[in-house]
Structure formats: structure tokens, C-alpha cells
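> Give me a 3D structure for the following:
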Amino acid sequence: MIDMHIHAVHPQLPGVKPMTDLYDGPVESLVAALNEQMTRSGTRVLLGMGHLNGQGVDPLGIASTLRIARMLPGLHAIGIADPTRTDTDHLQRVDAQLQTGSVIALKGYLGYVYHGPESAGYRPYFELAAKHDVPFIFHTGDNWSRVAKVKYAHPLAIDEVAVDHPNVKIVMAHFGNPWCMDAAEVMYKNDNVWADVCAILVGDANHFAKITASGYLQRTVERVRHAIELTERPDRFLYGTDWPLSPMDVYPGFVRQLFDDAHHSAVFEDNAKSLFKLSSAAEPNAAPVPVRIKVSGTS
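Purely as a prediction, here's the structure:
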């Protein structure tokens, strides 16, 4: 199983508090917690978002993720594209960091940064994504920040950049939730658009048990599944948890209900392996080390 959307480090987004106390503790505790989550869920590969405001030779904010990856086989880094930083020096450093092969994709934080996907600030990053043949992920849908502006994160705006940049492979994180039907239309008409289904629901195991008992989880399944069927693109959906917002051994049960059994292999592994050019999954991690995880926030 490939989890293509986690936060191994604090994303440093405006108005978003650290999502787990583990970010402030020893890195060994964070690695142990991730290792435990991977082992319990059968997850072999993680794609971890970097952080905003990368500096110097780390313009994409991935150095801290790469440090964790050296201790955690199977973790790969996703760099953060900042549309407010388009000066030549910064973009040259981005180009150089992409050339190292250490960046598996780029990401733009719509809503948290007040630029829509069609903003001129993203264009040089699209060019670099095409040059290095890496996907470009956009946060779409709800923002977990009082200072974020959701008008910038509506998935319909992805259609414009998908048309204008046909050589860029675009991923709509969160399937545009709650505007899943709009996201579905964007996927249906554009051959260069994918979506992940992370953080459509968030919370710990007790929360998932509660919303299952109340019927809310099933109502969400029906709502999102209807949009997924509209896309006619089971080969374009990707699994992710947005850890630490949801446990890796709990969220798959929800995602399995969104897709027919015949598509589970594609959604949980094959689509991500193809899109991100993952040659093979990492070996299983070591025995789990119990670590208590506090869950809060979303991105």
C-alpha cells in the first residue's frame, strides 16, 4: 500500500497549528510512530509533504523530510512551490534541487497562500515540473485555517491550468472536498488530472467508530462515491491518509468503501506507483514501537 499524502514535518502554513506533538520531540520518536503506523497498516511507501518557507539550498522545504527518510525506508519528499517567490535566484535553486532527484513531486497550498492555481506565480513551477517530469499537487477544497481563503482552493480552477499546461500531471488533493462533484467534472474532461482521497474524513479510531455508528460515514461514502463514478477514472485516484490527521490502519477501511473491489489495487498502489515513477515498494518496516499520537488540524 502506498500512502501518497502524509505530513512527516509541520507544514508551516498560515493559521495551522502543529498537527502532532511529535513534531516538537526527538526525531527518533517521530520515526518510531511512523514505523508503527506503517507496520500496522501494511503501508510500504509514504510520500511526505515538505514545508512552506524553504530557505537557501532547500528552497522546496524538504531537508527535514529527507532527514527522516534516511531513518525510515520508504519515505519520499514532496517539495512546496511558493507562488510568492519567483525571483531568478530562488527558481534556480528549485531547479537545482529538482535535478538531484530527491523531490518526487511539487505541491501548491491553495487557500493557505492567496494565489489561485492560475496565478502567474505558479507558471515557472509548472515549467519546472514539466522539465523534470514530476507531478504537481494542489491542495483543493476545505482549508483548516481561519486565515485561509477557500475561494482560491475551489477545484474548478484546476481546469484552467490543466488546459493551459497539458504537459503537467496535476493532482487535486482531497478530491476538492466538499466540492467533489466539481472536482469530478475536472477529472472527467482532462486527461492530465488525478485526485487523492485523503482527509475527506479525519480523526482517530474512536472518532471513526462514532461517525460509523451515527451513519455519517456511510452518508459520506455515498456522496463521494457518486462523484467518483462520474469521473469514469478509477485509474486516476490515489490513496492517502493526511497522517497524522487519520491513523494509517483506520482510514483504508473508509477508502475501500469508495471504490469497487476490482479497483482497490489501482487506488491503493498501482496508480501512485505509475504516476510517481516508484519502481518498487520498500521492504516492511521493523517491529512497531508504541507511541501515543495526538491528532489535530488539517491540511
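> Where does pLDDT dip in the stretch 151-299 of the chain?
Residues of the stretch 151-299 of the chain meeting the criterion pLDDT under 70: 280-299.
> C-terminal to the strand or helix carrying V163, which secondary structure element comes first?
In the assignment (DSSP states H and E), V163 maps to helix 157-164. Remark: after helix 157-164, the chain's next helix or strand is strand 170-173, criterion DSSP H and E.
> Which positions in the next helix-or-strand element following that following strand come out as buried?
Once the chain leaves strand 170-173, the next helix or strand it forms, by DSSP H and E, is helix 180-189. Residues of helix 180-189 classed as buried under the neighbour-count rule (16 or more other C-beta atoms under 10 Å) are C180, D182, A183, A184, E185, V186, M187. In this view, the C-beta of every residue, glycine as well, is placed from N, C-alpha and C.
> Burial check on the closest residue to T241 other than its chain neighbours, number of neighbours?
In this structure, T241 finds its nearest non-sequential neighbour in Y251, 4.5 Å apart by C-beta to C-beta, 6 or more residues apart in numbering. Y251: 27 surrounding residues under other C-beta atoms under 10 Å.
> likewise the one 10 residues further on?
Burial measure for D261: 7 neighbouring residues, criterion other C-beta under 10 Å.
> follow-up on the earlier one: angle of the helix holding V163 against helix 180-189?
Angle of helix 157-164 versus helix 180-189, following axes from the mean of the first three to the mean of the last three C-alpha atoms, to 10 degrees, is 10 degrees.
> List the buried residues for helix 157-164?
For helix 157-164, burial by neighbour count (16+ other C-beta under 10 Å) applies to A157, I158, D159, V161, A162.
> and the gap between the residue nearest to T241 and L75?
As judged by C-beta to C-beta, to the nearest Å, Y251 and L75 stand 18 Å apart.
> could you pull out the helices for the stretch 1-150 of the chain?
Counting by DSSP state H, counting those that start in this stretch, the segments of the stretch 1-150 of the chain that form helices are 27-41, 63-69, 88-99, 123-132.
> Adding mean pLDDT, write the ones you listed out as a markdown table.
Output for the helices of the stretch 1-150 of the chain, formatted as a markdown table (pLDDT from 0 to 100):
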| stretch | mean pLDDT |
| --- | --- |
| helix 27-41 | 97 |
| helix 63-69 | 97 |
| helix 88-99 | 98 |
| helix 123-132 | 98 |
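> Quick one, which of the ones you listed gets closest to Y114.
Y114 lies closest to helix 123-132 among the helices of the stretch 1-150 of the chain, at 16.2 Å (C-beta to C-beta).
> Flag every buried residue along the closest one.
P124, Y125, F126, L128, A129.
> Likewise for stretch 54-73?
Using 16+ other C-beta under 10 Å as the test for burial, stretch 54-73 gives 54, 58-66, 68-69, 72-73.
> Which elements pack onto the helix holding V163?
Applying 3 or more C-beta pairs under 8 Å, 6 or more residues apart in numbering; DSSP states H and E, we find helix 157-164 packed against strand 170-173, helix 180-189.
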